[in-house]
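Student: structural data only, the sequence is not supplied:
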């Protein structure tokens, strides 16, 4: 048997590290004089960045080969907090510590390189930065079995069973065309999700209208009509009873109506934005007629909030502004000039691709789910690759993630026009640039009392973008900045005691000025909203007659949550 090769000594490894570093230096020195200057390749700024990278890399090797003589490692705060590297081995084991620090060095230099590129416009730079960040997250050593100490340890412990179970999880996800985030058997619509008692009292080709049972003897005279986004299901506002905004509002003495949108199919191939505006007007008129009230309070969440803004402008132009007593916007945008990372998915090539993905007139909701996951790839993609594919862990039950995976299909014509007209061309804020049913839209004519909620960490509708709504409406407006993001910033019941919100009674020109003079209040913003609603009109009526679902002009069609929320 041949002798095993002799392992290199520490002195040998230090020597060869010096040789590699000197060779790199010689090549760069030669390149400066021997070749013409080419931007991005051998221009002084690029060479300086290359030198910085190699200097940082050689420092890592020096620290690895001679820990006692090397300067201590300095970590950026975000690197120290990086949950991907929470396992102690990433710092206590020299090999994995080197892998971790090398990855952070490469990632840092790649992102800095994007910022240093000359000659590209800001939009291109943001797109490149987004793509680079996605690539950097994908290449993390935590995502690969042989470079993740926790996976290696788990593999030894289970004799590889974790990898087999992870493979089973991955193949199941490939079969359904969507990444799994939670235990799907833990939740069921109508049982422990969307379980607030009520009745469907109207059904159209586009939506069902749900009226919820009152739980108080008296209720607010002006009812509340909620328009959820038709991207995903309405029960984001009716999760488990402890988190349900609908249940909470009913318990506060509000008569609540909810629109449940139909998931698109081939019959909806001609549906456009005008149809959703018309549906909102129809729902408003239905509730007014059913309860014999002059006006309703409204809530619009995300895309349904954008649509509600258009509805208000259309109704104002048609003389129907008084139909809406107030409008509340949950993380909704009308000015898309700063709409965040979703703008990276809106260019001519991607719009053409979306058309090809919608041959039957609707876009499969799984494509949208993948897009939203990509916005937070580290948390919603690679975290699950590690935990469920490599470590072979069981899926934990989580109602919010169950909702996140309960996708809906989108009408292709509406979707493409929405991306073109709003995200790409930002036409909604230009008076008269868009029309609905022949009526031009002018947001500056809207005087409806308005409550605007934004999420401080919102990655879908950034707070700066939501804030812009305050510049376009002409009526009284209250802006509230909530802690957390697009979902948790909205779904934050008072009983949870989580997060905080900021208010500022002064009129300010920017979100920065708003925050600078704002007062922070711990906990949920829901009571603040209810106080604002009552300040407009706190008159109450007995909870009887038409206030009971099915007891008025409209018969009960079926119990909540209805049929549309279950349709695939």
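Tutor: Yep, it's here. Predicted, not measured: the structure shown is a model, and the values here were computed from it.

Student: only C-alpha atoms from now on, for both contacts and neighbour counts.
Tutor: Noted.

Student: centre of the chain to stretch 312-332, how far?
Tutor: 26 Å (C-alpha atoms, centre = their mean, to the nearest Å).

Student: so the most centrally placed residue in the chain versus residue 426, what's the distance?
Tutor: Closest to where the C-alpha atoms of the chain average out (C-alpha atoms, centre = their mean) is residue 460, at 4.2 Å. Note on residue 460: its distance to residue 426, by C-alpha to C-alpha, to the nearest Å, is 16 Å.

Student: next: residue 297.
Tutor: For residue 297, the distance to residue 426 - C-alpha to C-alpha - is 27 Å.

Student: one more: residue 506?
Tutor: 28 Å.

Student: can you check residue 109 too?
Tutor: Applying C-alpha to C-alpha to residue 109 and residue 426 gives a distance of 34 Å.

Student: and what of residue 214?
Tutor: 41 Å.

Student: with neighbour numbers in mind, choose between those two.
Tutor: residue 214 (24 against 19; other C-alpha atoms under 10 Å).

Student: I figured that one hits residue 548, correct?
Tutor: Yes. Taking contacts as C-alpha atoms under 8 Å, residue 214 lies within contact range of residue 548: 6.9 Å.

Student: which stretches in the stretch 401-550 of the chain count as strands?
Tutor: Under the criterion DSSP state E, counting those that start in this stretch, the stretch 401-550 of the chain carries strands at the ranges 410-411, 435-436, 439-440, 450-455, 477-482, 500-503, 519-522, 540-542.

Student: looking at the ones you listed, which is nearest to residue 249?
Tutor: strand 540-542 (14.5 Å; C-alpha to C-alpha).

Student: quick one: mean pLDDT over the closest one.
Tutor: The average pLDDT within strand 540-542 is 98.

Student: now stretch 447-464
Tutor: Here the average pLDDT along stretch 447-464 is 96.

Student: tell me how far that stretch lies from the chain's centre.
Tutor: Counting by C-alpha atoms, centre = their mean, stretch 447-464 comes out at 13 Å from the chain centroid.

Student: do the same with stretch 389-408
Tutor: 16 Å.

Student: next, the buried residues of that stretch.
Tutor: 389-393, 399-408 (16 or more other C-alpha atoms under 10 Å).

Student: same check, this time on stretch 200-212
Tutor: 200, 201, 202, 203, 206, 207, 208, 209, 210, 211, 212.

Student: my read: the second one touches residue 211, true?
Tutor: Yes. Applying C-alpha under 8 Å, one finds residue 201 in contact with residue 211, separated by 6.7 Å.

Student: name the residues contacting each of these two.
Tutor: residue 549 (C-alpha atoms under 8 Å, 6 or more residues apart in numbering).

Student: what's around the residue nearest to residue 458 when sequence neighbours are not counted, how many residues?
Tutor: Spatial nearest neighbour of residue 458, chain neighbours left out: residue 485 (3.9 Å); criterion: C-alpha to C-alpha, 6 or more residues apart in numbering. Neighbourhood size, residue 485 [other C-alpha under 10 Å]: 20.

Student: which outside residues touch the strand or helix carrying residue 250?
Tutor: Residue 250 belongs to helix 245-251 when assigned by DSSP states H and E. Contact with helix 245-251 is made by 196, 212, 213, 214, 215, 216, 237, 238, 241, 256, 491, 493, as judged by C-alpha under 8 Å, 6+ apart.

Student: with distance to residue 231 and mean neighbour count as added columns, please give the strands of the stretch 401-550 of the chain in TSV.
Tutor: What follows is the strands of the stretch 401-550 of the chain, written out as TSV (distance: least, C-alpha to C-alpha, whole Å; neighbours: other C-alpha atoms under 10 Å):
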stretch	distance to residue 231	mean neighbour count
strand 410-411	7	26
strand 435-436	21	17
strand 439-440	26	15
strand 450-455	18	25
strand 477-482	22	23
strand 500-503	26	20
strand 519-522	30	14
strand 540-542	34	13
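
Student: dump the ones you listed into a markdown table; add distance to residue 319 as well.
Tutor: As requested, those are exported to a markdown table (distance: least, C-alpha to C-alpha, whole Å):
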| stretch | distance to residue 319 |
| --- | --- |
| strand 410-411 | 30 |
| strand 435-436 | 15 |
| strand 439-440 | 12 |
| strand 450-455 | 18 |
| strand 477-482 | 21 |
| strand 500-503 | 33 |
| strand 519-522 | 38 |
| strand 540-542 | 27 |
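
Student: which stretch among those comes nearest residue 117?
Tutor: Nearest of the strands of the stretch 401-550 of the chain (C-alpha to C-alpha): strand 450-455, 31.9 Å.
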